[in-house]
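Visitor: Structure of the sequence below:
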Amino acid sequence: MRAIRVRSNGGPEVLEASEVDDPRPGPGELLVDVAAAGVNYIDTYQRSGVYPIPLPFVLGSEGAGTVREVGEGVREFSVGDRVAWASVLGSYAERAVVPAERAVAVPVGVDDEVAGGALLQGMTAHYLVNSTHAVREGEAVLVHAAAGGMGLLLTQMASAKGARVIGTVSTEEKEKLARQAGADEIIRYTEVADLAAEVRRLTGGEGVAVVYDGVGASTFDASLASLRPRGLLALFGASSGPVPPFDLQRLNTAGSLFVTRPSLGHYTATREELTWRAGEVFDAITRNQLTIRIGGRYPLVEAARAHEDLQARRTTGKLVLLPR
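Guide: Below you'll find the model as predicted:
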């Protein structure tokens with residue numbers, strides 16, 4: 001089968017389309033014909049070595065497809081079932097081995113591309129607005145990169161809870177997408193000298209209850225400065241680079257602020273929590289309450305181009321690789 005392997009860490013050019021032996025499922029595992037694999041920022045961290053993984057390895061953490069073979073001891077799934085998964089390495093491939101305990105059934109009416117790109121970002125957005133900070137009606141929240149895959153989901157989910165969503169974007173096209181997703185206010189960060197001052201202007205000087213920041217180094221200071229007293233900065237990614245060490249006393253002087261660096265694994269650690277979050281994401285999709293906007297489709301062999309486009313911020317919405 002074909003798969004995208006990483007033999008050495010580096011830029012998108014290290015992504016290699018290779019012929020590899022077909023995997024076989026072990027006990028408690030599924031062999032799945034991959035219909036679509038989601039492209040996520042965590043893939044770029046693993047590719048570059050920021051998140052070290054023993055070399056060589058097949059990249060990709062998310063996908064959807066049809067069960068081809070069932071390993072010993074699996075009771076919940078059968079051959080022919082449609083399943084999706086997140087946080088399972090090896091998804092940039094024509095076939096993937098997925099632990100049954102990490103797989104979830106794909107509902108009727110959710111197509112393969114949406115299913116393949118819904119869970120990693122969808123469940124991340126779910127835990128951020130429901131668990132990391134339970135968004136309440138009427139409170140102001142700030143979403144960075146509001147037209148990206150994560151930003152659009154966070155905006156939709158926070159807006160559905162009645163929050164006043166302030167989104168940051170770079171272009172008019174991205175502003176339109178963020179507003180369509182439910183953003184009440186938009187800040188084009190390329191056009192303001194002081195982003196935090198603009199946030200405070202929009203909130204009558206108060207600041208926001210929570211900042212959802214997947215950008216990292218280039219937005220961290222403005223994110224802290226945008227918070228109201230006892231507000232929370234949820235730093236869930238670092239697309240612009242990691243945040244340097246900082247003096248914790250800043251949190252005191254700025255108003256007893258909170259900062260957290262959450263990850264999906266800690267919010268889907270049990271089968272019960274995984275199926276709850278995935279079920280709510282898929283249920284919202286089937287009820288047309290949540291839209292997964294596929295912003296780019298790439299043949300599997302063009303994984304490097306997908307990474308280039310993602311990191312150059314040339315894309316909006318979700319990117320998927322199509323093995324067939």
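Visitor: Tell me where the stretch 1-150 of the chain has strands.
Guide: Taking DSSP state E, counting those that start in this stretch, the strands of the stretch 1-150 of the chain run over residues 2-6, 15-19, 29-39, 57-58, 62-70, 82-86, 95-99, 103-105, 140-143.
Visitor: Now do the helix or strand Ala196 falls within: which elements does it pack against?
Guide: Secondary structure from DSSP states H and E places Ala196 in helix 195-202. Helix 195-202 makes packing contacts with strand 164-169, strand 185-188, helix 220-225 when contacts are defined by 3 or more Cβ pairs under 8 Å, 6 or more residues apart in numbering; DSSP states H and E. Yep, even glycine has a C-beta here, placed from its N, CA and C like the rest.
Visitor: hang on, the earlier thing: want to try a markdown table for the strands of the stretch 1-150 of the chain, with mean pLDDT as columns?
Guide: Shown next, in a markdown table, are the strands of the stretch 1-150 of the chain (pLDDT from 0 to 100):
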| stretch | mean pLDDT |
| --- | --- |
| strand 2-6 | 98 |
| strand 15-19 | 96 |
| strand 29-39 | 98 |
| strand 57-58 | 98 |
| strand 62-70 | 98 |
| strand 82-86 | 98 |
| strand 95-99 | 98 |
| strand 103-105 | 98 |
| strand 140-143 | 98 |
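Visitor: highest average neighbour count across these?
Guide: Most buried of these by mean neighbour count (mean count of other Cβ atoms under 10 Å) is strand 140-143; its value is a mean of 29.
Visitor: What strands flank it, and is each parallel or antiparallel?
Guide: strand 164-169 (parallel), strand 208-213 (parallel) (DSSP bridges).
Visitor: ok and the first one relative to helix 195-202, angle-wise?
Guide: Angle, strand 164-169 to helix 195-202, by axes from the mean of the first three to the mean of the last three Cα atoms, to 10 degrees: 150 degrees.
Visitor: Buried residues of the helix holding Ala196, list them for me.
Guide: Of the residues in helix 195-202, those buried under the neighbour-count criterion (16 or more other Cβ atoms under 10 Å) are Leu195, Ala196, Glu198, Val199, Arg200, Leu202.
Visitor: what's the answer for stretch 137-154, then?
Guide: Neighbour counts over stretch 137-154 (16+ other Cβ under 10 Å) mark 139-154 as buried.
Visitor: Quick one, grab the pLDDT at Arg324.
Guide: pLDDT for Arg324: 85.
Visitor: which residues sit in contact with it?
Guide: Listed by Cβ atoms under 8 Å, 6 or more residues apart in numbering, the contact set of Arg324 reads Ala35, Glu94.
Visitor: Surely Arg47 touches Leu15?
Guide: Yes. Counting by Cβ atoms under 8 Å, Arg47 does reach Leu15; the two are 6.7 Å apart.
Visitor: Mind listing the shared neighbours of the two?
Guide: Val6, Leu59, His307.
Visitor: partner residues bridging the first one?
Guide: In this case it means Val6. Leu15, Phe57.
Visitor: How much space separates it from Leu31?
Guide: 22 Å (Cβ to Cβ, to the nearest Å).
Visitor: likewise the last one?
Guide: His307 is 26 Å from Leu31, where distance means Cβ to Cβ.
Visitor: what do you get for the second one?
Guide: To Leu31, Leu59 is 18 Å away according to Cβ to Cβ.
Visitor: dump the residue contacts of the nearest residue to Arg188 once chain neighbours are set aside.
Guide: Leaving aside its sequence neighbours, Arg188 sits nearest to Val169 (Cβ to Cβ, 6 or more residues apart in numbering; 6.0 Å). Neighbouring residues of Val169 by Cβ under 8 Å, 6+ apart: Ala145, Ala146, Ala147, Glu175, Leu177, Ala178, Ile186, Ile187, Arg188, Tyr189.
Visitor: how far out from the middle of the chain is stretch 263-282?
Guide: Mean-position distance between stretch 263-282 and its chain equals 13 Å (Cα atoms, centre = their mean, to the nearest Å).
Visitor: Thank you, goodbye.
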